[in-house]
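In: Predicted model follows, preceded by the sequence.
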Amino acid sequence: MMCEVMPTISEDGRRGSAEAGGITRSGDLAQDGLATAQLRLRELGHEKDSLQRQLSIALPQEFAALTKELNLCREQLLEREEEIAELKAERNNTRLLLEHLECLVSRHERSLRMTVVKRQAQSPGGVSSEVEVLKALKSLFEHHKALDEKVRERLRMALERVAVLEEELELSNQETLNLREQLSRRRSGLEEPGKDGDGQTLANGLGPGGDSNRRTAELEEALERQRAEVCQLRERLAVLCRQMSQLEEELGTAHRELGKAEEANSKLQRDLKEALAQREDMEERITTLEKRYLSAQREATSLHDANDKLENELASKESLYRQSEEKSRQLAEWLDDAKQKLQQTLQKAETLPEIEAQLAQRVAALNKAEERHGNFEERLRQLEAQLEEKNQELQRARQREKMNDDHNKRLSETVDKLLSESNERLQLHLKERMGALEEKNSLSEEIANMKKLQDELLLNKEQLLAEMERMQMEIDQLRGRPPSSYSRSLPGSALELRYSQAPTLPSGAHLDPYVAGSGRAGKRGRWSGVKEEPSKDWERSAPAGSIPPPFPGELDGSDEEEAEGMFGAELLSPSGQADVQTLAIMLQEQLEAINKEIKIMSLRRKLELHEGRGRPSQETPHHPLPALPVLKE
């Protein structure tokens, strides 16, 4: 190799010196070029070192920051995923609560609408707020559904964006790793050619110029390639920085959307709380309505119980009234016995003029008693009229009871507003019934007073009978003859003349049979006509409607003295002594007529009570009782 490289020495000296000078000049030039190439290589090495230092300084810090930010983003994503899971659970709970609330509202919607329709029908002006509450609840349900749909869409979009950002982060991480590997490879590749070039230059310091030129060209090409790669790396770093800024912006938008979703969820929770409060208010109102309905039912049952009590009291009053009628019938029987005893005493009293005078006094007393009896008859008529009024009031009370039943049926349908009105009406009905009961009590008191009057009359009658028996015993002791020996009255007696001259009464009027006239001239035919046809007079006097009263109470001593004064002179006269038997017959017939009328009165009252029980809704008719037979001239 050395022999081939070294030049051949020519024989010509000039020619050799010229060639040596050219070789030295070319060697100098090659050395100068090599020195410049080495300087350039050193400069390029320095630039490479500076670039590597810059890359080593810049890239690890940015990569560490990127890894930290990536870890933070992952932690935030995990937190957001947990929050999203919690929001989903809360949304499911709110959906379940809203469905439960919808079920409750749909359950009570029909009843609420029915009550609202009834209230509108009763008072169109004042409409309650249940319809507004239902409308508000429906709008709230629709609003919640729309918000749920919006939140779901936003969550879906946010999740998609998060997934895309995660993919982009993974791609950026992979690209950074690839760049680091490429940089490490480039470093190793640049160091190996530099070492090889230095060794060769040191070994072949005086190498040929072609190799040095070739190496410089290769180094320049490598430097240009490295510069191009560094520019590409810088461009890729700028692109990665822009992508990171975009990812950060997208993360910020995702955070903002999550904040909006949280605000929407808080709004949904507030709306749900308001809906729950409205539901509680509706349940409270429903419970209050049920309580009011139960109280109305209790009041209705209490009113029914009071009505039953009133009916029981009325039945007891009717039983007392029947007992009073039985007692009056017994009194009528006692009166018949008294009349029979009186007839016996009259038969015994035909003999003595003193007894006739006493009988005349008793007749005057009986006249006064019959006057009192007339007053008592008027009182009985008034009581019968009051009894009819009470029966009418009782019928009205039963009709009111029917109205109360209808009202109680309507009360279950109209729970709220009609309660006060129904209570007021029922209180009015109760007041009216209490008034009717008070009136019935007053009527029962009046009946008791009538019973007392009847008892007093019976006592007076017994006293009269005792006096007549005593007088009869005295007559028997004085005359010593039996009462059956007395005969009928003779025609033309003084008593017949006395009763025949009584003033003529109009047709249908009530005649007092014991009122004595002033004249004495009578006719036997008239009295015999009255005696033979009592039934005709009874039929003629019956339509007049006069009710025969029982005997009045006690007679005063002055009345007895006046009666003795009136009849004493007449009976002591010859004509008066002869008419005792006719007077007794007239008294007997009059007592029989009174007895018949009392029996008819009792029968009619029984019939009226029977008809009143059979027909409670109709008014009890008032039948006039027959009057006493009228004595006509």
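Out: Yes, it's here. Numbers count the residues shown, from 1 in each chain.

In: for this protein, what's the longest helix?
Out: Counting residues, the longest helix found in the chain (DSSP state H) is helix 209-348.

In: elements contacting the helix or strand just after that helix?
Out: Where DSSP states H and E defines the elements, the next helix or strand beyond helix 209-348 is helix 353-413. Contacting helix 353-413 under the criterion 3 or more C-beta pairs under 8 Å, 6 or more residues apart in numbering; DSSP states H and E are the following elements: helix 209-348, helix 418-479, helix 557-572, helix 574-578, helix 580-614. For glycine as for every other residue, the C-beta is placed from the backbone atoms N, C-alpha and C.

In: Just want the angle from helix 353-413 to helix 209-348.
Out: Comparing the axes of helix 353-413 and helix 209-348 via axes from the mean of the first three to the mean of the last three C-alpha atoms, to 10 degrees yields an angle of 170 degrees.

In: angle of helix 353-413 against helix 418-479?
Out: Our comparison of helix 353-413 with helix 418-479, counting by the same axes, to 10 degrees, yields an angle of 170 degrees.

In: what does the average pLDDT come to for helix 353-413?
Out: Throughout helix 353-413, pLDDT has a mean value of 78.

In: related to what we said a few turns ago, elements contacting the longest helix of the chain?
Out: If contacts are counted by 3+ C-beta pairs under 8 Å, 6+ apart, helix 209-348 sits against helix 13-122, helix 130-203, helix 353-413, helix 418-479, helix 580-614.

In: any idea how far Met244 is from Ala146?
Out: Counting by C-beta to C-beta, to the nearest Å, the gap between Met244 and Ala146 amounts to 37 Å.

In: These two - which one has more neighbours?
Out: Regarding Met244 and Ala146, a neighbour count based on other C-beta atoms under 10 Å identifies Met244 as having more, with 18 against 10.

In: so the more buried one touches Glu175, yeah?
Out: No. Contact criterion C-beta atoms under 8 Å: Met244 and Glu175 do not qualify, at 11.6 Å.

In: For Gln427, give its distance to Met403.
Out: Distance of Gln427 to Met403, given as C-beta to C-beta: 14 Å.

In: Repeat that for Arg270.
Out: For Arg270, the distance to Met403 (C-beta to C-beta) stands at 53 Å.

In: Repeat that for Gln477.
Out: If you go by C-beta to C-beta, the gap between Gln477 and Met403 works out to 74 Å.

In: Among these two, which residue is more densely surrounded?
Out: Neighbour comparison, Gln477 and Met403: the larger count goes to Met403, with 12 against 8 (by other C-beta under 10 Å).

In: Please list all residues in contact with that one.
Out: Contact partners of Met403, counting by C-beta atoms under 8 Å, 6 or more residues apart in numbering, are His429.

In: Give the buried residues for stretch 296-315.
Out: Taking 16 or more other C-beta atoms under 10 Å as the neighbour-count basis, stretch 296-315 is seen to contain the buried residues 296, 299-300, 303, 307, 310, 314.

In: Can you add pLDDT and distance to Leu251 and give these back as CSV?
Out: As requested, the buried residues of stretch 296-315 are exported to CSV (pLDDT from 0 to 100; distance: C-beta to C-beta, whole Å):
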residue, pLDDT, distance to Leu251
Ala296, 84, 67
Glu299, 87, 71
Ala300, 84, 72
Leu303, 88, 77
Asn307, 86, 83
Leu310, 89, 87
Leu314, 88, 93
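
In: export those residues to TSV and tack on distance to Gly259?
Out: Putting the buried residues of stretch 296-315 into TSV (distance: C-beta to C-beta, whole Å) gives the following:
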residue	distance to Gly259
Ala296	55
Glu299	60
Ala300	61
Leu303	66
Asn307	71
Leu310	76
Leu314	82
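
In: Just the closest of those to Ile594, please.
Out: Distances from Ile594 to the buried residues of stretch 296-315, taken as C-beta to C-beta, are shortest for Leu314 (33.3 Å).

In: Does that closest one touch Leu394 like I think?
Out: Yes. Under the criterion of C-beta under 8 Å, Leu314 is in contact with Leu394, at a separation of 7.0 Å.

In: if I look at Ala332, how far off is Glu284?
Out: Taking C-beta to C-beta, one finds Ala332 at 72 Å from Glu284.

In: between the two, who's got more neighbours?
Out: Set side by side, Ala332 and Glu284 give different neighbour counts by other C-beta under 10 Å, the larger being at Ala332 (18 against 10).

In: Chain neighbours aside, what residue packs nearest to the more buried one?
Out: Take Ala332 and drop its neighbours on the chain: the residue closest to it by C-beta to C-beta, 6 or more residues apart in numbering is Ile598, 4.3 Å away.

In: what does stretch 426-433 rub up against?
Out: The set of residues that contact stretch 426-433 without belonging to it, under C-beta under 8 Å, 6+ apart, is 299, 303, 306, 310, 397, 400, 403-404, 407.

In: Widest-spaced pair of the residues you listed?
Out: With distance counted by C-beta to C-beta, no two of the contacts of stretch 426-433 lie farther apart than Glu299 and Ala397, which are 19.1 Å apart.

In: how about Arg186, what does it touch?
Out: Contacts of Arg186 (C-beta under 8 Å, 6+ apart): 226, 229.

In: okay, it: pLDDT?
Out: Confidence score, pLDDT, at Arg186: 70.

In: Quick check: it vs Glu218, distance?
Out: 16 Å.

In: repeat for Ala365
Out: Using C-beta to C-beta, Ala365 is found at 180 Å from Glu218.

In: neighbour count winner among the two?
Out: Set Ala365 next to Glu218 and count neighbours by other C-beta under 10 Å: Ala365 wins out with 21 against 12.

In: residues in contact with Val151?
Out: Applying C-beta under 8 Å, 6+ apart, the residues near Val151 are 87, 91, 261, 264-265, 268.

In: next one: Leu258
Out: With contact set as C-beta under 8 Å, 6+ apart, Leu258 has these partners: 80, 83, 158.

In: could these be laid out in a markdown table, adding pLDDT and distance to Phe141?
Out: Supplementary listing: the contacts of Leu258 in a markdown table, determined by pLDDT from 0 to 100; distance: C-beta to C-beta, whole Å:
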| residue | pLDDT | distance to Phe141 |
| --- | --- | --- |
| Arg80 | 79 | 29 |
| Glu83 | 79 | 26 |
| Ala158 | 75 | 26 |
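
In: Many thanks, have a good one.
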